[in-house]
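Chemist: Structure for the following, please:
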Amino acid sequence: MTFILGLTGSIGMGKSATSAMFRELGAWVYDADAAVHEIYAGPATPLVEAAFPGVSENGVVNREKLGAAVFGKPEALRRLESIVHPLLRDHQLDLVRRAVAQNVPLLVMDVPLLFETGGDRRCDAVAVVSTDAETQRQRVLARPGMTPEKFEMIHVKQMPDAEKRRRAHFIIDTGHGFDHARRQVADIVRALSGRTGEAARRLLAEAGDA
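Modeler: The predicted model follows:
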């Protein structure tokens, strides 16, 4: 059965680049950010528009408008998450079904808030992407439109890096360059080669699949 590896890390840790490395080595990768874009152009649109009038345009959620409606507003964010998270779980389950049907050995679930949303319980193991705090800060503040205040608001919403590292089965340190990170990813893929996962079986059983 397909082995499901959760991949997570706080903002600026290098998770997206690491995710691409897994893909290069043949793993299937579920990209939660891309999935959000997909559902915001489909099933989530009428639900989000009903909860936050004026945030959609031409049948697609405008993420900039939506961000303005929820940023810094915990109650609004919880309302949004109650809409989006079930749709994302269904989206994930569809990919799990396809991976199992095609005997894919490794499925990587690239989810920024994996621990925060309890998504680690849907995985066989978790890899955390990490680096030192100063490198993280420099990377984030170099992003267009990012400010120290915005970084802090995002940062406090995420589980502390030290706690993520404590919970991880694997840690990928991106503070020493891409080649070093790529070797760590390759080591993980080798370590999981031939491993049988139970998470996919459990998820399919919970969904009522035979």
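
Chemist: For the longest helix along the chain, buried residues please.
Modeler: In the chain, assigned by DSSP state H, the helix with the most residues is helix 74-101. Buried residues in helix 74-101, counted by 16 or more other CB atoms under 10 Å: 79-80, 83-84, 87-88, 91-93, 95-97, 99-100. Any C-beta I mention is one placed from the backbone N, CA and C, and that applies to glycine too.

Chemist: Check stretch 16-36 too.
Modeler: For stretch 16-36, using 16+ other CB under 10 Å, the buried residues are 18-19, 21-22, 27-32, 35-36.

Chemist: following the helix or strand of the chain with the lowest mean pLDDT, which helix or strand shows up next?
Modeler: In the chain, no helix or strand scores lower on mean pLDDT, DSSP states H and E than helix 148-157, which sits at a mean of 86. Note on helix 148-157: by DSSP states H and E, the next helix or strand toward the C-terminus is helix 161-167.

Chemist: Please work out which residues outside that following helix touch it.
Modeler: If you take CB atoms under 8 Å, 6 or more residues apart in numbering as the criterion, helix 161-167 is touched by 8-10, 13, 115, 120, 126, 128, 130, 133, 136, 171.

Chemist: roughly how far is stretch 113-120 from the heart of the chain?
Modeler: 8 Å (CA atoms, centre = their mean, to the nearest Å).

Chemist: residues in contact with that stretch?
Modeler: Residues contacting stretch 113-120 (CB under 8 Å, 6+ apart): 6-8, 81, 85, 109, 111, 123, 126, 157-159, 163-164, 167.

Chemist: For stretch 145-162, list every residue counted as buried.
Modeler: So stretch 145-162, judged by 16+ other CB under 10 Å, has buried residues 151, 154-155, 158-159, 161.

Chemist: what separates it from the chain centre, distance-wise?
Modeler: 16 Å.

Chemist: would you put the C-alpha positions of the next helix or strand after the longest helix of the chain in PDB?
Modeler: Scanning forward in sequence from helix 74-101 by DSSP H and E, the next helix or strand is strand 106-110. Once non-C-alpha atoms are left out, strand 106-110 reads as follows in PDB (Å, rounded to 0.1, in the frame of the first residue of the first chain):
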ATOM      1  CA  LEU A 106       5.400   7.200  -2.000                       C
ATOM      2  CA  LEU A 107       2.900  10.000  -1.800                       C
ATOM      3  CA  VAL A 108       4.200  13.200  -0.200                       C
ATOM      4  CA  MET A 109       1.600  15.500   1.400                       C
ATOM      5  CA  ASP A 110       3.000  19.000   1.200                       C
END
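
Chemist: For strand 106-110, which strands pair with it and how are they oriented?
Modeler: Partners of strand 106-110 in the sheet, by DSSP bridges, are strand 3-8 (parallel), strand 28-31 (parallel).

Chemist: Tell me which of those strands sits nearest to Leu192.
Modeler: Minimum separation from Leu192 across those (CB to CB) falls at strand 3-8, 5.6 Å.

Chemist: surely Thr196 meets Val100?
Modeler: No. With contact defined as CB atoms under 8 Å, Thr196 does not reach Val100; the gap is 11.5 Å.

Chemist: Would you mind grabbing the residues shared as contacts by those two?
Modeler: Met1.
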